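Student: Let's see this in three dimensions:
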Amino acid sequence: MNTISNEQIRDTILRTLSDVIPNADTQTLHPDISFHDQLELDSIDFLRLMMSLEKDLSVTIFDFDYPKLSTLAGCERYLAERLNSVA
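Tutor: Residues are numbered from 1 along each chain as shown. This is a model prediction of the structure:
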């Protein structure tokens with residue numbers, strides 16, 4: 001069984017955000033403020049982020065769960081839970 005650490009999850013989220021929004025300052029993100037408010041992430045960019053995270057982490061993210069992933073902390077929690085339930 002392969003497990004992924006919270007640090008690896010965070011690194012993947014930040015790297016993916018940088019790919020989706022190249023000029024984003026991901027190092028200064030507040031974990032509890034939405035990506036939209038901090039990075040002006042629009043709905044198309046958010047969808048690209050979700051699809052990239054699914055691909056990079058080999059996990060399914062359900063569209064009805066998208067609101068849970070609107071912040072860095074929310075993404076980390078959700079993905080850790082999904083990845084741990086698969087492992």
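
Student: Poorly predicted segments of the chain, please.
Tutor: 1-2, 86-87 (pLDDT under 70).

Student: Against which helices or strands is whichever strand or helix holds Lys55 packed?
Tutor: Here Lys55, judged by DSSP states H and E, is contained in helix 43-57. Applying 3 or more C-beta pairs under 8 Å, 6 or more residues apart in numbering; DSSP states H and E, one finds that helix 43-57 contacts helix 6-20, helix 35-39, helix 72-86. Using the backbone N, CA and C atoms, a C-beta is placed for each residue, glycine as well.

Student: buried ones in that helix?
Tutor: If you call a residue buried by 16 or more other C-beta atoms under 10 Å, then helix 43-57 has these buried ones: Asp45, Phe46, Arg48, Leu49, Met50, Ser52, Leu53, Leu57.

Student: of those, closest to Arg15?
Tutor: Ser52 (9.2 Å; C-beta to C-beta).

Student: which residues touch the closest one?
Tutor: Taking C-beta atoms under 8 Å, 6 or more residues apart in numbering as the criterion, Ser52 is in contact with Thr16, Asp19, Val20.

Student: Now do the contacts for the first one.
Tutor: By C-beta under 8 Å, 6+ apart, the residues touching Thr16 are Leu49, Ser52, Leu53, Asp56.

Student: what sits against the closest residue to the first one other than its chain neighbours?
Tutor: Same thing as Leu49. Nearest residue to Leu49, sequence neighbours excluded (C-beta to C-beta, 6 or more residues apart in numbering): Val20, at 5.0 Å. Residues in contact with Val20 (C-beta under 8 Å, 6+ apart) are Leu41, Asp45, Arg48, Leu49, Ser52.
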